[in-house]
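Asker: Give the three-dimensional model of this entry:
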Amino acid sequence: MKKVRVEDAVGMVLGHDLTKIVPGEFKGAAFKKGQVITAADIDVLKNMGKYHIYVIDLEDNYIHEDEASIRIGQAAAGEGVYLKGPVEGKISINAQVKGILKINLSLLTEINDIDSVILATLHSNTLVEKDRNVAGTRIIPLTVEKKKIIEIESICNKRGPIISINEIKPLKVGIVVTGTEVYEGRIQDRFGPVLQGKVNQYGAKTAGIKYAPDEQKEIQIAISSLIKQGAEVILTAGGMSVDADDVTPSAIQAIADEVITYGSPVLPGAMFMLAYRNQVTILGIPACGMYFRTTVLDLVFPRVLSGEVLSRKDINSLAHGGLCLGCEECRYPVCPFGK
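Answerer: Next up, the predicted model:
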């Protein structure tokens, strides 16, 4: 550190805390170690009786923590996020939109392997609301070698951003409720309202609700009708087990161009089905979707609404974290489920 006049300290880094005392009102650090002195600070410092201060004498090949964290954040940030700060050397990376958080895990690990640098994030594929803090970055010491920050910028420039958000889109969703007992009015439909609530919860639009008996052709007709009405996603409710009367999987398979999976490594949600017909996503929702607050539907549906085309590998990857504990107070998505 070196001693300088406050007039000469503009742009320099304060090397220690400076205490301000206002009798009967305030006593504390008015300026903190690591703060960059600005022209507006000169009079404030003199009013505190500080005409000289100690500053950190940065070498040409070093930069201050504020500049370092800003540059790391800018390099790591992709679409759908914005930077906030720095505050005490830390940059927050926040969601610009409601959507699905995407983290490049290999790059995240590589960046954190660079000495003196940290970048912490929420789990990839977490559903986040607008303005949610999704990541934070800083350096450990007060200053860092420029070459380390340049290395991070080069890595992200060549291999893409580390943090981005796929925005949830208000897609049109058609609902098909199957079950002869519901179709004939023998029992009240309880599944349709649950799925309608999920559509509203995730910001989609309802293209219509159709009812069909446990007959393959009738279920196909209901799905086709909703697609003709403009549905971009189809939720089929019920009839997903291996019982003799449960023919919804057969109907989905018959109408789809591609079946990704029948079955998922998620509890609740083992009998889940995912298929595609042209650009339309078809989801077969097992009975658990009616009884449990959070199921495989909550892990998959938001990603579909963000425009993501899911593969069998995507579904199988849900196994790690795919066990819902059924907590008395559900706090999803702030919990281990789906992580």
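
Asker: Show me where the stretch 151-300 of the chain has its strands.
Answerer: 163-167, 172-178, 205-212, 233-237, 258-262, 273-277, 280-285 (DSSP state E, counting those that start in this stretch).

Asker: Output those in a markdown table, with mean neighbour count appended to each entry.
Answerer: In this view, the C-beta of every residue, glycine as well, is placed from N, C-alpha and C. Output for the strands of the stretch 151-300 of the chain, formatted as a markdown table (neighbours: other Cβ atoms under 10 Å):
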| stretch | mean neighbour count |
| --- | --- |
| strand 163-167 | 22 |
| strand 172-178 | 26 |
| strand 205-212 | 19 |
| strand 233-237 | 26 |
| strand 258-262 | 16 |
| strand 273-277 | 20 |
| strand 280-285 | 25 |
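
Asker: could I get those strands as JSON lines with distance to residue 33 and mean pLDDT?
Answerer: Formatted as JSON lines, the strands of the stretch 151-300 of the chain follow (distance: least, Cβ to Cβ, whole Å; pLDDT from 0 to 100):
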{"stretch": "strand 163-167", "distance to residue 33": "29", "mean pLDDT": "98"}
{"stretch": "strand 172-178", "distance to residue 33": "54", "mean pLDDT": "97"}
{"stretch": "strand 205-212", "distance to residue 33": "53", "mean pLDDT": "96"}
{"stretch": "strand 233-237", "distance to residue 33": "54", "mean pLDDT": "97"}
{"stretch": "strand 258-262", "distance to residue 33": "55", "mean pLDDT": "97"}
{"stretch": "strand 273-277", "distance to residue 33": "54", "mean pLDDT": "98"}
{"stretch": "strand 280-285", "distance to residue 33": "54", "mean pLDDT": "98"}
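
Asker: Next, format these as JSON lines and append distance to residue 7.
Answerer: Formatted as JSON lines, these follow (distance: least, Cβ to Cβ, whole Å):
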{"stretch": "strand 163-167", "distance to residue 7": "41"}
{"stretch": "strand 172-178", "distance to residue 7": "64"}
{"stretch": "strand 205-212", "distance to residue 7": "62"}
{"stretch": "strand 233-237", "distance to residue 7": "64"}
{"stretch": "strand 258-262", "distance to residue 7": "68"}
{"stretch": "strand 273-277", "distance to residue 7": "67"}
{"stretch": "strand 280-285", "distance to residue 7": "65"}
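
Asker: Point out the one among those strands that comes closest to residue 31.
Answerer: strand 163-167 (31.8 Å; Cβ to Cβ).

Asker: what about residue 310, is that helix, strand or coil?
Answerer: coil (DSSP: H, G, I helix; E, B strand; the rest coil).
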